[in-house]
Every structure is written in structure tokens, then in C-alpha cells.
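# Please work out how this folds:
(chains A and B)
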2 protein chains.
Amino acid sequence: MSKHAPKSTDEFDYISWIRSELPPASPNLEVGPGDDCAIIRVERDREALKIDTTIEDKHFILADKGKKIAPTLGPGATPEEVGRKAITRCLSDMAAMGATPSAALVSVTLPTGASVALREKLFIGIAKTCATYGVTLAGGDTQGWDGPLSITVAMTGMMDGVRPALRAGAAPGDVVAITGSLGGSILGKHLRFEPRIAEGRFLADKGVSAMIDISDGLSGDLTRICEESGMRFAVGADLAAEAVPVSKSARRLAKLEGKGASRALHHALHDGEDFELLFIVKPNRWKKIVQEWPFDVPIRALGMMRPLRKGEPLVRILKKGEPEALEVMSWVHKL
Amino acid sequence: MSKHAPKSTDEFDYISWIRSELPPASPNLEVGPGDDCAIIRVERDREALKIDTTIEDKHFILADKGKKIAPTLGPGATPEEVGRKAITRCLSDMAAMGATPSAALVSVTLPTGASVALREKLFIGIAKTCATYGVTLAGGDTQGWDGPLSITVAMTGMMDGVRPALRAGAAPGDVVAITGSLGGSILGKHLRFEPRIAEGRFLADKGVSAMIDISDGLSGDLTRICEESGMRFAVGADLAAEAVPVSKSARRLAKLEGKGASRALHHALHDGEDFELLFIVKPNRWKKIVQEWPFDVPIRALGMMRPLRKGEPLVRILKKGEPEALEVMSWVHKL
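Have a look, this model is predicted:
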């Protein structure tokens, strides 16, 4: 990235600067930012499409605003981290389908009077993240308004012959498994998580029954899999409490709250934005996946799908073998 | 559209309601709204990609808020019209490339406490407009916040073998032409304009040198064509004042302002959001286009591209044969 910067705060200057600073694009990009549309060459394939909006004081708190942020809310975000998160949230959804991300479109709405440093660092965060993950930044839109910073990213991805892993498809007897560990992402991981792109593609290719990324929390996202999978045959899930991978951050957050191990488990079960992959898979395929797993991030079985009997809760947690209903606590960034 | 409505204001209820009300999708849509990504089948082709954000009190004023709106700002928008505009703005960009729109993704950010009626009518405006123009509503995202209503639409389109019409490509001697008439769109057309999709495809197929849709105003958008086309050989444009198609709305707006014909011309030259197609074309191709033009909307030549000599303004307007510089007055919704 060069050091020169636009001197005025004019929208068109910002766009020119962005065009001059764009990372190398895919050779498939015929027309990049600056025309009415971007043009990209595609092959006969299945294409994945995603849109997601990332909003100030909802998905991040800016660090440099001089606001005092409570320790349990983690550190504030730099503008680069905000740009990174806006892109990686979409990348994680691509991963959860087994898609390989290809192009991104970004619409940035800047607060009136936003500094040149803010908008440049935000763009650099977006552009670097696209470059890191091989995504072509194909186009965008920028405006000002009297409101918080808001970034909407739309992304395309290609399946390259892999069958998409849906939320529906889980069946009784399937193993419930997960990448990585969970809880306390607010202490930093929600800004710096690694989207599990290669892992998602590997899992989709191995024929998982269902897959989702953990954005709203294990309890909520597993419930969604049960609901979506239950259209033909009602299914529920049982988790073993001792198998839930409680992250160090979950423990640290519980400690900051003056609480112990059961609070840490609570964070692992209900916190969101870990962006790990939750996947459901037939037992024989699970064995094969464990044997062939080529990635650094660990995977772990933490439960089993079961037929859902009338009146039973969708998701249960077994503590010392005793099942109890696992309530969904939708994760809310308490800002 | 059925009459039932969600009773709570829960985001997931809204999403379920949306899923139950979706218009028929293209058979190419394998996975629609509700999973991590949408999945659509594509053929080997050039794909057009666009993103655009439509913001309350910037691109529209809601009619039912009891605000008094000055007559020169036109009527307020209904929620359906807001949904329509969010989609048609992207459709117009597709038209300006010659692309055939295929799928849309919509991210809606609702003001906290937005009524069920508002969000439903907004969605109905979005869904109906997609259905009207054969666009598959493939996915979306919805959130609430303490801010104005904001809708970001991302769209894909297919070139189907047609060469994309860029902003760059205009050469000296080319005819400057336009569809329809210009000015005063704020009196209503900016909410109800017809995106020139079939016309754009026809023009791209005929091999226009350059094309853009009029969103920022004729002066600004023609300047942009000169700038983008001038990378190899500097070009300017001359317009004949008497050839500029001044709309009835431009005349009505001038009248509301207590002014006459020259003010109406001013509106035609500088107002934005007419979403007509401005295209630049070789004289022999222009003749062929006029002969074969199969559409209702009229087309009209209003000037000529010229070599740009040092110190000359990019765009000039000839009044009784005398050239004067045409200043760019970027159109701003004065709200």
C-alpha cells in the first residue's frame, strides 16, 4: 500500500484513492471498481451468494473514540479490524456451505465528518483481508450520513463441484461435531477469528449431513439445524457437557465476571461470534474425517442427533448422564 | 401475497414471514433464503455485480411520518416505493452495462421500533419489484438499530454473450444520445422510474462505445464518461442546448420555483436520478439503432464527442452555436 492519501474528504477523491490502492484482482475480473457494475467471468458451476451488514456499536466498538469500554466487552476495534471483520463474517458463511469465496462488493456508510484516517484504514482492512483470502474486491459504494459506521458486504463463491452443506440434512444417529473451541469471543476473537474456509470445503466434500458457522451461539445455531433438518423427520440433539470445548477466553471472561467453571461452560454454549464450524455427520464418515483431518484446528465430537419425541426439547445437554433442556440464549453484544 | 402477518417484532419471525411470502424463484436457485448462503446455478458467462445502499432522508423521505414536505421535494415515499427504488437503482446499473439481472441479495437495517406495517410493505415492494423484473430474491439479512432506514441491495446479472458497455470507450466524432427526457425527477420519477433493462441490452448488443445511467445528472455523468474514456486519447463532449430533452417534470419544478424555461433546462442538465441511459455511439451505428429501435421510450442525439484540446472544458453546451463550459453540479437531494 502506498503512503499517499487524498487531501479532501470528497467522495470521488476517496473512490479514486481506493482504485489506486486496490490489491491484485483475479484474472477473471474483466471490469473492476469504477463502472456501473463489475464484470467477472464465471464457469458453469454452483455459485454461493451472501450479504451481511456490520454496524458500529452493534458488531464492534471503535477503540479510538475515547469511550471507556468495560473489561468484559473486550478491547475496542481498530478501523482495520472493522474492515477485516466485515469481510471475514461473509467468508465464514461461505465456509459453512463449503464454498470457495471469489468476489466481494462492499458498501460503506461513513458518519458525517469521519476522518480520512478512519476511512483509509477501514479500506486497508477490507482490501488486505480480501487479498489474504484470495477474494477479488470487485466493486463498492460509499456515502456519508449522520449515523454510525455501517459496512455491508456481498460475496460470491464457487462450489467447484462440491455439494453445498446445508443447515437441513441432520438425521438421528449422526455425530454432532465442531472445529476449535467456544465462548468469550467478545474478548477479541470476534474481531480476529480465522474463517474456516479450507476446513469447510473439506467437510462439505466429505459429505457432512449439515453444517453452520457459530455466529449466534452453539445453543441457537444447533437449534436452527434441528429446525431446518426436521421438515421430514423431527430430530433433536443431545450434547455431553464435558465434551463441549470451552475456550480459554470463556474461562477468562467467567473470571472477569467473578465466576467459575459453570459460567465458562455457559459462555461456550451461548456466546456467539466464534465463527467455528458446527457440523453433523454420519458416524462412519466422522471416523474417516478424524483419520484424514489435515488442518491445525482441532475437531471434536460433542453429541449425537436423536429422533425427537413429542414434548421433548430440541436440544438437551447431558450433565453426568442426566439430560436437561438447553435453552436458546440468543447472543447479544451487550453494548 | 397472503394477509397473515407476524405478531411479534422478533427478527426470526420476520425472516420466517419473508420466507413464506417469497415470489417464485428461478429454477436455477438451488438454495434460497434461510441458509448460510444462497446457491444458484450459473453457466459459463460474464457476470455483472453491483451493490448500492438506499438511505432514508437521503434517497427518499417516508410519506407517513407526518413531516411536512416542501412541494419542490415532491411527494414522500410509501414503504413499497422505497423497496422498489432500492431494487430498481441496481437494475438501472445492470441496464447501463447491457446485463440481464438474475439474483438479488437485500440487507435491511430497520430503525428501532419500526412498525410491522413498514417492514412488511417494504419487503412487499422489494419482492414485487424482483418478480416484475424476473430477478430471484436469493437471500438477505435484517437487523435493527437506532438510525434511519437503510437498504443495501447486491445484484448479479448475466451478459449472455453481449459485450459489456463501459464508461470508457467514447471517441471523437461519436454521437452523444439518451433515452427519454431529463430533469425534475424529485417530483416523483426518482421513486417510479423504469429501469431501461431491455434497452440497455439492445444498445450494448449494437456495440455502443460507452454507456452510463443518469444517476448524478447529465453534466456529471457525461463528464465521467469523458474522464474514463480519456485514458488513451483525451476527449470532450459538446451538447446542443436545444437538443436536450427537457421533461415535463423539469418544467413543472421550474414553475414551482417561480422560474422559466432556462431553469427547466438547468434541471435537465444537472438533476439526477432520472435513470435514463446516456450512450455514446459511432455515427453509422447510431443510424442503425434509430432505424431498428423497437422500444416505446424515445431516443435522441444531443451532441457529439470531440478531441479535447489543452485548457478546454470537458463538457460544453452550445447555445445558439456558441460553446460555453458546462459546469458539473453534482445532484444532491436537498432534504
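
# Tell me the helices and strands packed up against the helix or strand bottoming out on mean pLDDT in chain A.
Taking mean pLDDT, DSSP states H and E as the measure, chain A has helix A:11-21 as its least confident helix or strand, at a mean of 73. If you count contacts as 3 or more Cβ pairs under 8 Å, 6 or more residues apart in numbering or on different chains; DSSP states H and E, helix A:11-21 packs onto helix A:116-132, strand A:136-145. Every residue, glycine included, has its C-beta placed from N, CA and C.

# Give the pairing partners of the following helix or strand past that helix; include direction for each.
Toward the C-terminal end, the helix or strand that comes next after helix A:11-21 (DSSP states H and E) is strand A:29-31. When pairing is defined by DSSP bridges, strand A:29-31 lines up against strand A:38-42 (antiparallel).

# Would you map the helices across the stretch 151-300 of chain A?
Using DSSP state H, counting those that start in this stretch, the helices of the stretch 151-300 of chain A run over A:189-192, A:197-205, A:218-229, A:248-256, A:261-270, A:283-292.

# circling back: and chain B, which of the helices and strands packed on helix A:11-21 is closest to it?
Closest to chain B of these, according to Cβ to the nearest Cβ: strand A:136-145, at 5.3 Å.

# partner strands of the closest one, parallel or antiparallel?
Applying DSSP bridges, strand A:136-145 is found paired with strand A:100-111 (parallel).

# Return the strand it pairs with as CSV; C-alpha atoms alone will do.
Taking Å, rounded to 0.1, in the frame of the first residue of the first chain, the C-alpha atoms of strand A:100-111 are listed here in CSV:
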residue,chain,number,x,y,z
THR,A,100,-14.6,-21.1,-2.1
PRO,A,101,-15.0,-17.3,-2.0
SER,A,102,-14.4,-15.5,-5.2
ALA,A,103,-15.6,-11.8,-5.3
ALA,A,104,-16.7,-9.2,-2.8
LEU,A,105,-18.7,-6.0,-3.1
VAL,A,106,-18.6,-3.5,-0.3
SER,A,107,-20.9,-0.6,0.6
VAL,A,108,-19.6,1.7,3.3
THR,A,109,-21.7,4.3,5.0
LEU,A,110,-19.5,6.7,6.9
PRO,A,111,-20.6,9.0,9.7
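
# What average pLDDT does that strand get?
Averaging pLDDT along strand A:100-111 yields 96.

# tell me the angle of that strand relative to helix A:116-132?
170 degrees (axes from the mean of the first three to the mean of the last three Cα atoms, to 10 degrees).

# can you give me the angle strand A:100-111 makes with helix A:197-205?
Orientation check (the same axes, to 10 degrees): strand A:100-111 against helix A:197-205 gives 130 degrees.

# what's near enough to touch the spatially closest residue to residue A:314 that is not a sequence neighbour?
Distance criterion Cβ to Cβ, 6 or more residues apart in numbering or on different chains; nearest residue to residue A:314, sequence neighbours excluded, is residue A:226 at 4.4 Å. Contacts for residue A:226 (Cβ atoms under 8 Å, 6 or more residues apart in numbering or on different chains) come out as A:170, A:235, A:236, A:237, A:305, A:308, A:314, A:315.

# got a pLDDT number for residue A:226?
Per the predicted model, pLDDT is 97 at residue A:226.
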